[in-house]
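**Student:** output the structure for:
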Amino acid sequence: MLRVSIMKRRLSGILAIAILLLPFTLVAQDETPASTAPAADTAATNDEPTEQTTDDSDNTSEVASDESDQPGEPAEDSAAADKHWILTPYQMRIWLAVDTSPQLQALDASAVSRSVNALVDNWVGAGWDLQIEAPPRKVYTDLLYNFDDLGILDIAALYEPLPEKKEAKIRAVQYDKDEESSDEAENVEPEVEEEKPRFPVEKQKLITPNLLRQLDKIYATSLRYENGVYELGVAEFDTNARVRVLTAKRSFRNLETLPAQIFSCLKEVFSPIAQVDYNGVTDGKTARMKIRAAAMVADVEAGSPIMMQKGDVLRPVVRKNDRSTQAPEYDGVIEVTWTYMYINDLTVQQDEDLGVLRTNGNGKGQVISTFTMLRNPIAARRNTLQEKYGLLVRPVQESSLLKIVANDRENYTLQGYNVYAKSPKIDPEAEGDAPTVLIGQTDWRGAIEVTQDIFQNQGSTKLVVIYVRNGQQVLARLPIVPGYRALEEVKLPNDDYRLQYEAFFVGFQNSILDYTVQQAVYKIRIEHHINKDEEEKARNLLKELSKVPSAVALNDVLTKREAALQDDPNIDANTKRKIEGMFEKTRKLINEYLQGNDVEGNVLVKMESAVRAKFGDPPAPMTP
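**Tutor:** So this is what the prediction gives:
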């Protein structure tokens, strides 16, 4: 009994201690996430990368620690979900990289940030959410000293696994050498060599959270001091379209003007963006769009920099995402060349209480494209892995130099080509059509200057459609925005050979017409002398008529020229087909208007028969 009582007292003491310790255990469990969250935020703030490792025994070669397992991922998902395309402001980040010059060591980054934000607030209002910070260490040096070569892939490699190239499976047929006589073959699946990424996956270190999913724009800013002058460069990177857009540079001597210089660059390079949707109802020339942060504009007519207006021009970008990472796949960002959109319809509504025009950001745009296999390269069907965007085009110069070079010969410019310009119709309901204006001819460089003031009263759009013509052939239809790029270079088929043959055929066809007229005139004169019994004059004209080239002689000339065409190695197959069409057309003209000397019904045969019937056979020539 004594032992039982002792055991009871011990058990009651243990239970009492457990009850007392239970609240502290629950409190400690509740405080564990809260105590670890600041550590994760601190790691993200200090740019501490999370190393991605790969198990050597795993053949998939994927990143072992998925982004969903990272401490910053929940915050990233919530931030991406909260970013509404129309109702929330642009999320902007300026990466300011400063060199180690003594003149820049006392730079107060916080004061610069406050001054720049004050200037931005006066310009944009609530449409921007801008922060200035130092760039990640991995791109700091490149941003300073390789500013022009810094690309969006260099920035994406900080936050996302590098995309892998997917090789298509190739089937090959291998013939057995021992059974060649029996013509038996067997299909063999060749081994496809896996292309190694530029950096090994196991050595890539990713930064969390992924800012590319939270931000709209990143402005890589480089500030250096050289030879008594501060050199500033600002490049805009759009994280939605995943492209480097525009670059602005400034040189100044007073460091106190740095905020104003940065703000000036921001105004120059900022490009509003719109989502482009597929519209299967139209004929492939119209695209629907949603303008980013359009609801943040208080008045559409107030000239807000984030608002697009009717007639504005956009350049399209197509982004194809990987299914697993939702990041762009290998070569998944396509900047569609020689294709533009201009807004011809914008949804606006009058706010009666405030007396201003508001918009929900919806609009329609007309697509003008060329040099593409598709009629509308951005009108692909809706796909959850494909995103289409349009970046506003703002000319920064007065003109652009259009240079035309041959695509089959290096450094061979196309000189003397006629260049025409035409303005697109901004209002679809407007009557009439814009005129076509001759700008001029390409010079010895194959270039011509295209200015913005080609058309008067053109409106807000600066888009023009350029037509390149050589002789009677229109070679290209090129939509450009003069002043957006300093140089617009296009490669066209070398049309000089076709033009040489075209000049030959024009002269040759004129000769056919001339010979036809000569035969008709000789026929009338010979018949006139026959009716007047003037035998000598009739026979003399008959000799002149026999000297006019016949269809047989002309066809011989064409045959020799066509043989030279086939033997010329400098003329491509497409140009040869065009020239052969000219040969066929010319032969039809010969057969229609001229006939051989030995063909019944020929003018020469008819006149010889008429002279013989009237005067008999010609006298035999006298022998000496």
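**Student:** pLDDT below threshold where in the stretch 201-350 of the chain?
**Tutor:** The stretch 201-350 of the chain contains residues with pLDDT under 70 at 201-203, 278-284.
**Student:** can you pull out the helices in it?
**Tutor:** 258-269 (DSSP state H, counting those that start in this stretch).
**Student:** by mean pLDDT, flag the weakest helix or strand of this protein.
**Tutor:** Here the helix or strand of the chain ranked lowest by mean pLDDT, DSSP states H and E is strand 172-175, holding a mean of 38.
**Student:** for this structure, give me the ranges with low pLDDT.
**Tutor:** For the chain, the ranges with pLDDT under 70 are 1-82, 166-203, 278-284, 370-382, 426-433, 456-461, 595-601, 620-624.
**Student:** try it again at 50.
**Tutor:** Low-confidence segments of the chain (pLDDT under 50): 1-4, 6, 8, 11, 15-74, 78, 81, 168-188, 371-374.
**Student:** so where do the helices sit in it?
**Tutor:** Per DSSP state H, the chain carries helices over the ranges 2-45, 73-82, 109-124, 137-145, 152-156, 258-269, 496-531, 535-546, 551-567, 573-593, 603-615.
**Student:** show me how the record splits this structure into domains.
**Tutor:** Domain assignment for the chain by automatic domain parsing gives 69-165+201-269, 272-394, 396-493, 496-615.
**Student:** could these go into TSV alongside mean neighbour count?
**Tutor:** The way it works is simple: take the backbone N, C-alpha and C, and place the C-beta from them, glycine included. Shown next, in TSV, are those (neighbours: other CB atoms under 10 Å):
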stretch	mean neighbour count
domain 69-165+201-269	17
domain 272-394	18
domain 396-493	16
domain 496-615	15
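**Student:** ok, and what's touching stretch 320-332?
**Tutor:** Outside stretch 320-332, the residues within contact range by CB atoms under 8 Å, 6 or more residues apart in numbering are 156, 160-161, 163-166, 212, 242, 319, 333-334, 385-387.
**Student:** for the closest residue in space to residue 497 that isn't next to it in sequence, list the residues it contacts.
**Tutor:** Nearest residue to residue 497 in three dimensions, chain neighbours excluded: residue 571, at 4.9 Å (CB to CB, 6 or more residues apart in numbering). Each residue near residue 571 by CB under 8 Å, 6+ apart is listed here: 497, 565, 579.
**Student:** list the contacts of the last one.
**Tutor:** Just to be clear, that refers to residue 579. Counted by CB under 8 Å, 6+ apart, residue 579 has contacts 497, 498, 501, 565, 571.
**Student:** which two among those residues are spaced furthest apart?
**Tutor:** In the contacts of residue 579, two members sit farther apart than any others by CB to CB. They are 498 and 565, at 10.6 Å.
**Student:** tell me if I'm right that residue 545 and residue 602 touch.
**Tutor:** No: assessed by CB atoms under 8 Å, residue 545 is found out of contact with residue 602, at 10.3 Å.
**Student:** still on that earlier bit, okay, the contacts of residue 571 in JSON lines with distance to residue 402 next?
**Tutor:** What follows is the contacts of residue 571, written out as JSON lines (distance: CB to CB, whole Å):
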{"residue": "497", "distance to residue 402": "22"}
{"residue": "565", "distance to residue 402": "31"}
{"residue": "579", "distance to residue 402": "27"}
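**Student:** between those, which is nearest residue 265?
**Tutor:** residue 497 (47.9 Å).
**Student:** and residue 498, how far is that from residue 475?
**Tutor:** Using CB to CB, to the nearest Å, residue 498 is found at 10 Å from residue 475.
**Student:** err, residue 397, not the other one
**Tutor:** To residue 475, residue 397 is 26 Å away according to CB to CB.
**Student:** residue 421 now?
**Tutor:** 15 Å.
**Student:** next one: residue 249
**Tutor:** Relative to residue 475, and taking CB to CB, residue 249 is found at 36 Å.
**Student:** want to try JSON lines for the helices of the chain, with distance to residue 296 as columns?
**Tutor:** Putting those into JSON lines (distance: least, CB to CB, whole Å) gives the following:
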{"stretch": "helix 2-45", "distance to residue 296": "27"}
{"stretch": "helix 73-82", "distance to residue 296": "15"}
{"stretch": "helix 109-124", "distance to residue 296": "9"}
{"stretch": "helix 137-145", "distance to residue 296": "30"}
{"stretch": "helix 152-156", "distance to residue 296": "25"}
{"stretch": "helix 258-269", "distance to residue 296": "17"}
{"stretch": "helix 496-531", "distance to residue 296": "55"}
{"stretch": "helix 535-546", "distance to residue 296": "87"}
{"stretch": "helix 551-567", "distance to residue 296": "64"}
{"stretch": "helix 573-593", "distance to residue 296": "52"}
{"stretch": "helix 603-615", "distance to residue 296": "83"}
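**Student:** of those helices, which is nearest residue 468?
**Tutor:** Minimum separation from residue 468 across the helices of the chain (CB to CB) falls at helix 496-531, 12.7 Å.
**Student:** now do the closest one against helix 535-546, angle only.
**Tutor:** Taking axes from the mean of the first three to the mean of the last three CA atoms, to 10 degrees, helix 496-531 and helix 535-546 form an angle of 170 degrees between their directions.
**Student:** which strands or helices does helix 496-531 pack on?
**Tutor:** Contacts defined by 3 or more CB pairs under 8 Å, 6 or more residues apart in numbering; DSSP states H and E place helix 496-531 against strand 464-470, strand 473-480, helix 535-546, helix 551-567, helix 573-593, helix 603-615.
**Student:** if we use 6 Å, what do you get?
**Tutor:** helix 535-546, helix 573-593, helix 603-615 (3 or more CB pairs under 6 Å, 6 or more residues apart in numbering; DSSP states H and E).
**Student:** and those helices as JSON lines, adding distance to residue 113?
**Tutor:** Output for the helices and strands packed on helix 496-531, formatted as JSON lines (distance: least, CB to CB, whole Å):
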{"stretch": "helix 535-546", "distance to residue 113": "95"}
{"stretch": "helix 573-593", "distance to residue 113": "58"}
{"stretch": "helix 603-615", "distance to residue 113": "93"}
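**Student:** nearest to residue 311 among those helices would be which one?
**Tutor:** The nearest among the helices and strands packed on helix 496-531, by CB to CB, is helix 573-593 at 37.3 Å.
**Student:** strands of the stretch 201-350 of the chain, start to end?
**Tutor:** Secondary structure of the stretch 201-350 of the chain (DSSP state E, counting those that start in this stretch): strands at 205-206, 217-226, 229-238, 243-252, 273-277, 286-291, 313-321, 328-335, 339-351.
**Student:** out of the ones you listed, nearest to residue 608?
**Tutor:** Residue 608 lies closest, by CB to CB, to one member of these: strand 339-351, at 65.8 Å.
**Student:** what strands line up against the closest one, and which way round?
**Tutor:** Here strand 339-351 has these sheet partners by DSSP bridges: strand 313-321 (antiparallel), strand 356-369 (antiparallel).
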